[in-house]
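Trainee: Give the three-dimensional model of this entry:
(chains A and B)
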Amino acid sequence: GDSVTQMEGPVTLSEEAFLTINCTYTATGYPSLFWYVQYPGEGLQLLLKATKADDKGSNKGFEATYRKETTSFHLEKGSVQVSDSAVYFCALSDPPRGRRALTFGSGTRLQVQP
Amino acid sequence: EPEVTQTPSHQVTQMGQEVILRCVPISNHLYFYWYRQILGQKVEFLVSFYNNEISEKSEIFDDQFSVERPDGSNFTLKIRSTKLEDSAMYFCASSTPLTSGNQETQYFGPGTRLLVL
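Mentor: Numbering: from 1, shown residues only, chains lettered A, B, ... in the order given. Okay, the predicted model is just below:
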């Protein structure tokens, strides 16, 4: 079945550092890819998404590019802030194959220190 | 901006009791979902619902679980006889298919934290 693998956390960075959180996926079809963020004590919020190869999703300074050749969707941000501290989840779905359910990775906790 | 709401925010129950978790999806959405997140673990899909019937379910969604859309706005998850391992955060989500097919986005509620004692 479909699966998502994320790098283990926690990731601890100083403010203004560069962030990369790796995400790779396994899927039979041609999935849509998502990054969701969960701030402490809150629910899941969509951060960005991409639906076809070479698409770049971006939001709030975060970016991720859908790489079909490497089955990856790595999350990047050029300069993190303390307020970016949260858990980040990579996810996929495949609606054209009738699979709207999101398959999530295990999440990566980001801690940004001042 | 429209949002998904869930009630209650916290629920404590005794093992073997029935619980009903409630969700109000975004009003023009057609697909509804339940997910759960056991503390410290990944978010897991339970069930999706469309046109008044279950469209997908996971192996977690066994006979102890049921879903219902009792009226035009609410979407509920019932756990018939709770077990200790049902303790988790339960998230409701909703989405609507776009004409391009695969670009829909699921919007999540804030969750209900269920504790089974």
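Trainee: Quick check: phi and psi on residue A:78?
Mentor: When read as degrees, to the nearest 10, the backbone of residue A:78 gives phi -70, psi -30.
Trainee: Not counting sequence-adjacent ones, nearest residue to it?
Mentor: residue A:18 (5.9 Å; Cβ to Cβ, 6 or more residues apart in numbering or on different chains). To be clear about C-beta, it is placed using only N, CA and C from the backbone, and glycine gets the same treatment.
Trainee: what about that neighbour, distance to chain B?
Mentor: 26 Å (Cβ to the nearest Cβ, to the nearest Å).
Trainee: Low-confidence stretches in the chain?
Mentor: I went with chain A, as the question did not name one. Applying pLDDT under 70 to chain A flags the ranges A:95-97.
Trainee: wait, I meant chain B there
Mentor: Applying pLDDT under 70 to chain B picks out residues B:97-103.
Trainee: Show me which residues of chain B sit near chain A.
Mentor: Listed as neighbours of chain A in chain B under the rule Cβ under 8 Å from any Cβ of the partner chain: B:31, B:33, B:35, B:41-45, B:48, B:55-56, B:58, B:91, B:93, B:95, B:97, B:101-111.
Trainee: And what about residue A:83, helix, strand or coil?
Mentor: Of the three states, residue A:83 takes helix according to DSSP: H, G, I helix; E, B strand; the rest coil.
Trainee: Identify the residues contacting residue A:109.
Mentor: With contact set as Cβ atoms under 8 Å, 6 or more residues apart in numbering or on different chains, residue A:109 has these partners: A:9-11, A:86-88.
Trainee: if you set the cut-off to 6 Å instead, what comes out?
Mentor: By Cβ atoms under 6 Å, 6 or more residues apart in numbering or on different chains, the residues touching residue A:109 are A:9-10, A:87.
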